[in-house]
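Trainee: Give me a 3D structure for the following:
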Amino acid sequence: MHDHLRDLGWEIANKHRPYQIWLPQQIINFEKQTKEEPTPDISRNFLSLTPYLVGLNLLEIVGVYFSQIIHEISRNLVWLHWSDIGQRNLPAQLSLESLRVLHLDEIYKNIPVWEDHLEELWEAESDAPVQLRELVISNCYNFQKIPNSIGCLIELKKIAITGSILRSLPEEICHLQLLEHLILSGCRMLSSLPNSFGDLANLQYLDLSGCFNLKRLPDSFKNLMLLEYLKLRGCVHLILRSDDFQNITKLEFLDLSWCIQLEELPHHVTNQVFLREFYLDGLNRLREIKIGQLSRLQTMVIRSELLISLPNSLGDSVSLKNLSLSNCYNLKSLPTSLENLSSLTSLSISTCDSLKSLPNSFGNFFSLAHLSIGHCDSLKSLPASLHLVIFNCPISQVDLRRRLHLLR
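Mentor: Prediction:
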């Protein structure tokens, strides 16, 4: 968003000085107490703003009722952030033809119970803001439909819709060849993606976390060849197929946490050579993990009740800095290849009930700054190579107790 604002500011500044309106506090906080028109005093306050609306470029409003002057708002408006709109869609009288950035959100405590909530964007397909670059809709829990005319917004680079009851995406959204960021987190009713989803050739960032009802990815998904960030956390009904990632090779961030239907990792997931962060939390059906040489991997989180072992190839992740293992109840040992993880700075092992020993190579973690081991009931001792020597240092016992948490 900040990049868009910066670019927007430069563009406007090159043409003319932008106008801004700082509404009086009594207008900013104004809420209708009935469905009738505002009182005369309030109306006069709104009407007094009319001269300033002619060249307006940037506008941020919070729950302000201004139907009497909305038709006066400049056709040059390029940035609009409207909180608590109190209507089912954007007013038809509002000119959107020059709009580049549109943010809509709701804070329910600010909306009287008799007001409407945002359900759609623009009422008529012809009202679509064809120059829009960024669309953000957050916490609009009644929002349920993206118009088909979204496909006409060929300049769009970012769409973020969070916390809505959106059930589907129109096929036309796949026409957006410049789209780089797509965020649909918390859209718990979303059950599918368009068949042509893989046509989003420039998509780099995709967040589908919390899409509880999403059951599968379309066949074309594997064609998102520029995808770098993928978050599927909490897609509890999603079933991944072996070829879903077939042509995807540039992933740097992958979160499959709480995709509880996952019993094995798709082959093409485990060979993402550019991968830096890999999250496998809450995969309680996963029995084994097979990975290739993830030499750029820096963070890995694993939590699986049925996991029996870790792959020896994990030791090839020479850039790994953070490793977390938790609730791996059936994990009995760690691979000796972990001694190659010379960059490891943080290691956390918790509730691995069957883990009986740690590799003697643990003493080779010269970069290790944080070691946490807890609730590993079968672990009786630490390897001899792991030791702490402190002598001739004025370190108080209180400070030692604070820094060293030893479990009995």
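Trainee: got the contact list for residue 132?
Mentor: Applying Cβ atoms under 8 Å, 6 or more residues apart in numbering to residue 132 gives the contacts 96, 99, 100, 101, 102, 153, 155, 156. Placement of C-beta: from N, CA and C, glycine included.
Trainee: meant to ask about residue 82, not that
Mentor: Shown in contact with residue 82 (Cβ under 8 Å, 6+ apart): 60, 61, 103, 104.
Trainee: now the strand or helix carrying it, how far from the chain's geometric center?
Mentor: Under the criterion of DSSP states H and E, residue 82 resides in strand 79-83. Distance, stretch centre to chain centre, for strand 79-83: 21 Å (Cα atoms, centre = their mean, to the nearest Å).
Trainee: how about it as CSV, C-alpha atoms only?
Mentor: Written as CSV, here are the backbone C-alpha positions of strand 79-83 (Å, rounded to 0.1, in the frame of the first residue of the first chain):
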residue,chain,number,x,y,z
TRP,A,79,-7.5,7.4,-3.6
LEU,A,80,-10.5,6.5,-1.4
HIS,A,81,-10.5,4.8,2.0
TRP,A,82,-14.0,4.5,3.3
SER,A,83,-14.6,2.8,6.7
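Trainee: next helix or strand past it?
Mentor: Tracing the chain C-terminally past strand 79-83 and defining elements by DSSP H and E, one meets strand 101-105 next.
Trainee: Run me through the strand neighbours of that following strand, direction for each.
Mentor: Using DSSP bridges, strand 101-105 pairs in its sheet with strand 79-83 (parallel), strand 134-138 (parallel).
Trainee: Using a markdown table, please lay out those together with mean pLDDT and distance to residue 374.
Mentor: Below are the strands paired with strand 101-105 laid out as a markdown table (pLDDT from 0 to 100; distance: least, Cβ to Cβ, whole Å):
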| stretch | mean pLDDT | distance to residue 374 |
| --- | --- | --- |
| strand 79-83 | 88 | 43 |
| strand 134-138 | 96 | 37 |
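Trainee: For residue 304, find the nearest of those strands.
Mentor: Nearest to residue 304 among these is strand 134-138 (32.4 Å), distances taken as Cβ to Cβ.
Trainee: Just the angle for the very next helix or strand once past the closest one relative to strand 101-105, thanks.
Mentor: Beyond strand 134-138 on the C-terminal side, the first helix or strand identified by DSSP H and E is strand 158-162. Between the axis of strand 158-162 and that of strand 101-105 there is an angle of 0 degrees, by axes from the mean of the first three to the mean of the last three Cα atoms, to 10 degrees.
Trainee: Run through who's touching strand 158-162.
Mentor: Contacts of strand 158-162 (Cβ under 8 Å, 6+ apart): 4, 133-139, 143, 146, 173, 176, 179-187.
Trainee: quick one on the thing from earlier: buried among the contacts of residue 132? Need that as a selection in ChimeraX.
Mentor: Buried residues among the contacts of residue 132 (16 or more other Cβ atoms under 10 Å), as a ChimeraX selection:
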select :96,99,100,101,102,153,156
